[in-house]
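[1] My questions concern the predicted model and sequence given below.
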Amino acid sequence: MSVFMAPAFHPPSEQEKARYETHNNDVNDPGYRAFVTPLVQKVLESHQPRESGLDFGAGTGPVAATILREHNYNVSLYDPFFIDDRQKLEQKYDYIICCEVIEHFHFPAKEFKLLRSMINPGGSLVCMTRLYTDDIDFGKWVYKDDHTHVFFYHPESLGWIKSVYSFNSLETADRIIHFRTA
């Protein structure tokens, strides 16, 4: 049910990075802060400040992580283009956030396997993206027009991810996807 771009059409890394550099992810922008609030709120509801977190795909302006840090949360940053600290991928976390990131995964199976391997028991993966549903006219859907968006998740594919990667629960609400472990 998901829709994805054939790998032959994926943008080269340098084009992808150039596109991300055009994003205005200003941590002080009230509009962007409001945009990420649902993701931040899910972490605040589900985890405590003493727990360890990772902003996977933090980008040039890690707004969600910044807001969580303002609430005294311990959040590390990783981004393959801007904060490529591979040691962060060898650690375990109580929660991982992916804010407008999973639609950029060229190989989602590989990425979800990695993310799941980094989550402690009782932890969670909180993602924010637009889901592709049966009522969307894909040809007119603006979200697909960003050439770095290569995978659009259908709610059924999220169930598959939950099952294959041994998450215990899955909740979705608007743009928020919350996977939990036992």
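    In hand now; what should we look at? Numbering: from 1, shown residues only.

[2] what about residue 25, which SS state?
    coil (DSSP: H, G, I helix; E, B strand; the rest coil).

[3] Is it correct that residue 36 is in contact with residue 65?
    No - judged on Cβ atoms under 8 Å, residue 36 makes no contact with residue 65 at a distance of 9.5 Å. Yep, even glycine has a C-beta here, placed from its N, CA and C like the rest.

[4] more crowded one of these two?
    residue 65 (24 against 21; other Cβ atoms under 10 Å).

[5] In which helix or strand does that one reside?
    helix 63-70 (DSSP states H and E).

[6] for that helix, packing partners?
    helix 30-46, strand 52-56, strand 74-78, strand 93-99 (3 or more Cβ pairs under 8 Å, 6 or more residues apart in numbering; DSSP states H and E).

[7] Residue 170: which of those is closest?
    Residue 170 lies closest to helix 30-46 among the helices and strands packed on helix 63-70, at 12.7 Å (Cβ to Cβ).

[8] CA atoms of that closest one as CSV?
    Extracted in CSV, the C-alpha atoms of helix 30-46 (Å, rounded to 0.1, in the frame of the first residue of the first chain):
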residue,chain,number,x,y,z
PRO,A,30,7.9,30.2,16.6
GLY,A,31,6.2,28.7,13.5
TYR,A,32,8.7,25.8,13.3
ARG,A,33,8.6,25.2,17.0
ALA,A,34,4.8,25.0,16.8
PHE,A,35,5.1,22.6,13.8
VAL,A,36,7.2,20.1,15.9
THR,A,37,5.1,20.5,19.0
PRO,A,38,3.1,17.3,18.5
LEU,A,39,6.2,15.2,18.3
VAL,A,40,7.7,16.9,21.3
GLN,A,41,4.5,16.5,23.3
LYS,A,42,4.5,12.7,22.6
VAL,A,43,8.0,12.4,24.0
LEU,A,44,7.0,14.5,27.1
GLU,A,45,4.0,12.3,27.7
SER,A,46,5.9,9.0,27.2
